[in-house]
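Colleague: my questions are about this predicted structure, shown below with the sequence.
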Amino acid sequence: MSIQEITQMIMDFIKDHQVWAIPIIFLLAFGESLAIVSLLIPATAILLACGALIGADLIPFVPTLLAASVGAIIGDYVSFWLGKHYHQKIISSWPLNKHPKMVYRAEQFFHRYGLTGVFIGRFFGPLRAIVPLIAGAMHMPSLKFNIANITSAPVWAFVMLAPGAFGVKWLETLFG
């Protein structure tokens with residue numbers, strides 16, 4: 001099954017069962033922010049498409065934004081906790097041991113940017129879930145990590161949802 005088919009299947013389910021939209025979006029954002037899991041699910045495409053459901057007034061913006069934000073915060077925190085408690089065991093285990101360049105880039109990114117790197121890392125694909133893991137493995141203080149985590153999640157969620165939520169309406173007013 002292709003990413004497009006999976007995305008369409010989930011979008012159809014959300015349209016038909018709107019009561020499940022918020023829990024599904026929470027789980028997608030959680031999975032997208034969770035180390036390793038984020039590499040396996042097409043959550044970014046689905047979250048972008050959920051923005052279009054907001055734009056079509058099928059699901060509400062604020063609860064969707066909150067669900068995505070909280071899911072991302074918890075996913076990053078779990079990744080951070082795993083890194084903090086299991087250090088090198090996680091980095092030297094599958095599948096990260098198959099991607100040493102990605103781990104190295106995340107380590108360099110974290111060393112170079114620290115707290116800001118955790119904030120910025122959320123916005124860069126494969127780094128999104130590995131930066132918190134590396135931050136935990138490198139014993140970044142929890143307070144610093146949580147500041148970056150909690151402040152970046154709503155911004156990331158907005159960036160994921162806004163193009164579909166507001167783009168269509170904006171284009172309609174522009175060309176309407």
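Modeller: Done, it's in. All values reported here derive from a predicted model rather than from experimental measurement. Residues are numbered from 1 along each chain as shown.

Colleague: show me how far the host helix or strand of Q4 is from its chain's centre.
Modeller: Using DSSP states H and E, Q4 falls within helix 3-16. Relative to its chain's centre, helix 3-16 lies at 18 Å (Cα atoms, centre = their mean, to the nearest Å).

Colleague: now do it, average pLDDT.
Modeller: Helix 3-16 shows a mean pLDDT of 81 in the predicted model.

Colleague: wait, what's in contact with T151?
Modeller: The neighbours of T151, taking Cβ atoms under 8 Å, 6 or more residues apart in numbering as the test, are F119. The C-beta positions use only the backbone N, C-alpha and C, and glycine is treated the same way.

Colleague: stretch 122-138: how far from the chain's middle?
Modeller: The chain centre lies 11 Å from the centre of stretch 122-138; the measure is Cα atoms, centre = their mean.

Colleague: buried residues, that stretch. List them.
Modeller: 122, 127-137 (16 or more other Cβ atoms under 10 Å).

Colleague: closest to K98 out of the residues you listed?
Modeller: Nearest to K98 among the buried residues of stretch 122-138, counting by Cβ to Cβ, is I130 at 12.8 Å.

Colleague: what's whichever strand or helix holds that closest one in contact with?
Modeller: Assigning secondary structure by DSSP H and E places I130 in helix 127-137. Contacts with helix 127-137, where a contact means Cβ under 8 Å, 6+ apart, come from 32-39, 75-77, 79-88, 90-91, 96, 102-103, 105-107, 109-110, 117-118, 121-122, 145, 149.

Colleague: and the longest helix for the protein?
Modeller: helix 142-175 (DSSP state H).

Colleague: tell me the angle of it relative to helix 127-137?
Modeller: Helix 142-175 and helix 127-137 are oriented at 170 degrees to each other (axes from the mean of the first three to the mean of the last three Cα atoms, to 10 degrees).

Colleague: mean confidence (pLDDT) on helix 142-175, please.
Modeller: Mean pLDDT, computed over helix 142-175, is 84.

Colleague: next one: it to chain centre, how far?
Modeller: On Cα atoms, centre = their mean, the centre of helix 142-175 falls 11 Å from the chain's centre.
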